[in-house]
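K.L.:
Build me a model:
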Amino acid sequence: MRKIGLLGGTFDPVHNGHLMAAEAAREAAKLDEVWLIPTLVPPHKPQPGTDAESRRRMLEEAIAGNGTLRVEDIELKKEGTSYTIETVSALQERDPGILFYWIVGSDMIQDLPHWRRIDELAERISFIGLERPDRPSDDSSLPTFIRRKLLRAGMPPMGISSTDIRRKLKEGRSVRYMLPEPVREYIQRNGLYES
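P.N.:
Residues are numbered from 1 along each chain as shown. A predicted model of the protein is given here:
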């Protein structure tokens, strides 16, 4: 059975931290691939600043030539807010022979009990929690049904965020080395995030 990690987000824009997270999870859980899932309408974040097609294209630019990463646009084709349980259910129905893992950042691990239909989600998949050495998380407050479905992946500390990248671009500052060069060139070519 193939093992696939799922990493959702707005990817507005995708940066090297996202790609390092995907690689850390893939290696820690011995995944065959990681699918990057750009969301259309995130449930817990503001609306993305760029359109869905631009975010999908930037992801494709970022992972070109990497056979272990793939863009999965299932949430972009769906109307309205995307919830993990709905995405996972649709993927399992479409690809029943795959064992799925949902990748979450250390900041989201403690929030898992509040996710929509978390009990059903935890029955369907396992979670890979990315943990930074400078910010270890304490799982003792998590319900047992989540703790037993949670794997850990070490993630090096990296001070890169999409918010910071958008701010720098708006101010006309350099974002070189914060994101893959093809993504930076795509942003520049298309005038994204300018003031």
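K.L.:
did I read that right, T50 in a helix?
P.N.:
No: counting by DSSP: H, G, I helix; E, B strand; the rest coil, one finds T50 to be coil, located in no helix.
K.L.:
okay but it is in contact with P38, surely?
P.N.:
No: using CB atoms under 8 Å, T50 makes no contact with P38, being 10.3 Å away. To be clear about C-beta, it is placed using only N, CA and C from the backbone, and glycine gets the same treatment.
K.L.:
Helix or strand next in line after the helix or strand where S54 lies, which one?
P.N.:
For S54, the host element (DSSP states H and E) is helix 52-63. Sequence-wise, the next helix or strand downstream of helix 52-63 (DSSP H and E) is strand 69-71.
K.L.:
What strands line up against that following strand, and which way round?
P.N.:
Strand 69-71 has the following strand partners under DSSP bridges: strand 33-38 (parallel).
K.L.:
any idea of the mean pLDDT in the strand it pairs with?
P.N.:
Averaged over strand 33-38, pLDDT sits at 98.
K.L.:
Equivalent analysis for stretch 57-77, please.
P.N.:
Taken as a whole, stretch 57-77 has a mean pLDDT of 96.
K.L.:
now what about that stretch, what contacts it?
P.N.:
Here stretch 57-77 makes contact (CB atoms under 8 Å, 6 or more residues apart in numbering) with 6, 8, 11, 13-14, 18-19, 22-23, 26, 31-40, 52, 56, 82, 87, 90-91, 179-180, 182-183, 185-187.
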